[in-house]
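In: Quick one, structure for this:
(one chain, ligands or ions: 1)
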Amino acid sequence: MKPLSGTVALVTGASSGIGAATARALAAEGAAVALVARREDRLRKLATGISEAGGDAAAVTADVTDPQQASAAVAAAVDRWGRLDILVNNAGLLRMGSAAQAPLQDWSDLVAVNVMGVLHITHAALDQLIAAAADSARGVADIVTISSTGGRVARPGTAVYSLTKFGVNAFSEGIRQELIGNRVRVGVVGPGTVDTEINDDLPAQAREAFARNTANMVKLRPEDVADAVTYMVTRDRRVAVNEILVRAAEQTW
Ligand SMILES: NC(=O)c1ccc[n+]([C@@H]2O[C@H](COP(=O)([O-])OP(=O)(O)OC[C@H]3O[C@@H](n4cnc5c(N)ncnc54)[C@H](OP(=O)(O)O)[C@@H]3O)[C@@H](O)[C@H]2O)c1
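Out: Predicted coordinates for the structure are as follows:
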């Protein structure tokens, strides 16, 4: 028996970076994993890789900014496996630049994915998580949200990104207290700088500024953050690890 045998996990943003690594890690611990994101080809490839490694996973295409698609994604996982024990709210994006020059669309996109995406999926999943906690060999269910060092300290150029990450921290703390009686643990993992595709959509100037700021730093790998998520959700039911900060070792902020 593996620590998560018999459990079902749903990971948003599973098509790349931290989400893909987390899906692989949870599957390796025995969870069946619903892989949620928009790029179906990536999800299918990941599902195949997890199956070949002896795990169980399914691609579930959804845009988390749409409440109907978020709810359908949760329903797809429950239809397939009959329960939902672990939710990892990971889908997110980054936009950088000074507030005076930022297109308003950047701010809307940040809030739509990093905040509303988390709320849509969590809202759809809560009843299932409560039911799973009550009917589970583990005796608990888990919600883990990927925040950021930007959720602890706001810095110039990422004010609205920080707003979204401070926001999900606050939401997590509120529902953590609400869900104690239901044995649904709520945790936040705050990564530092991780080598993923998150910067790929930034304008060249922002990418160059980011590259300069992080030039002397060995960046985290997505697996380093997946380790933190796995640690949280594999603790005994008496232990709630509610927050983990994982910085790159040379990171000052
Ligand atoms: N990389 C870092 O340095 C770092 C640091 C701190 C925190 N984080 C946080 O870690 C999380 C994962 O980021 P990452 O670094 O792994 O970046 P990434 O490789 O760009 O992955 C982002 C994921 O989010 C998904 N996504 C974006 N918009 C979506 C939407 N509307 N609906 C569904 N899925 C959506 C993407 O999939 P599709 O495009 O296929 O939909 C992708 O799978 C984010 O919350 C980010 O804020 C990252």
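In: Near the ligand, which residues of the stretch 51-200 of the chain? Just list them.
Out: Residues of the stretch 51-200 of the chain lying near the ligand by CB under 6 Å from any ligand atom: 63-65, 90-93, 113, 117, 146, 148, 191, 193-194, 196-198. Backbone N, C-alpha and C define where each C-beta goes, glycine included.
In: and those, which are buried?
Out: Among those, those buried by neighbour count (16 or more other CB atoms under 10 Å) are 63-65, 90-93, 113, 117, 146, 148, 191, 193-194, 196, 198.
In: Tell me the one of these nearest Ala170?
Out: Ser148 (13.8 Å; CB to CB).
In: so what's that closest one closest to, chain neighbours aside?
Out: Among residues not flanking Ser148 along the chain, Lys165 sits closest, at 4.5 Å (CB to CB, 6 or more residues apart in numbering).
In: quick check, that neighbour in a helix?
Out: Yes. Using DSSP: H, G, I helix; E, B strand; the rest coil, the assignment for Lys165 is a helix.
In: Provide a list of residues in contact with it.
Out: Contact analysis of Lys165 by CB atoms under 8 Å, 6 or more residues apart in numbering lists 114, 147-148, 150-151, 190.
In: Where do the strands of the stretch 101-250 of the chain begin and end?
Out: Secondary structure of the stretch 101-250 of the chain by DSSP state E, counting those that start in this stretch: the strands cover 141-146, 184-191, 243-246.
In: hang on, the earlier thing: out of the contacts of Lys165, which is nearest to the ligand?
Out: The ligand has its nearest neighbour among the contacts of Lys165 in Ser148, at 3.6 Å by CB to the nearest ligand atom.
In: Let me know the pLDDT of the residue lying closest to Gly17 once chain neighbours are set aside.
Out: Leaving aside its chain neighbours, Gly17 sits nearest to Thr196 (3.2 Å; criterion: CB to CB, 6+ apart). pLDDT, Thr196: 97.
In: separation between Thr196 and Phe171?
Out: 23 Å (CB to CB, to the nearest Å).
In: who's in contact with the helix or strand of the chain with the lowest mean pLDDT?
Out: Least confident element among the helices and strands of the chain, by mean pLDDT, DSSP states H and E: helix 204-213 (a mean of 90). Helix 204-213 is contacted from outside by 96-97, 157, 199, 202, using CB under 8 Å, 6+ apart.
In: what do you get if the cut-off is 7 Å, keeping everything else the same?
Out: The contact list for helix 204-213 (CB atoms under 7 Å, 6 or more residues apart in numbering) reads 96-97, 199.
In: Mind telling me which residue of the stretch 51-200 of the chain is nearest the ligand?
Out: Closest point on the stretch 51-200 of the chain to the ligand, by CB to the nearest ligand atom, is Gly92, at 2.2 Å.
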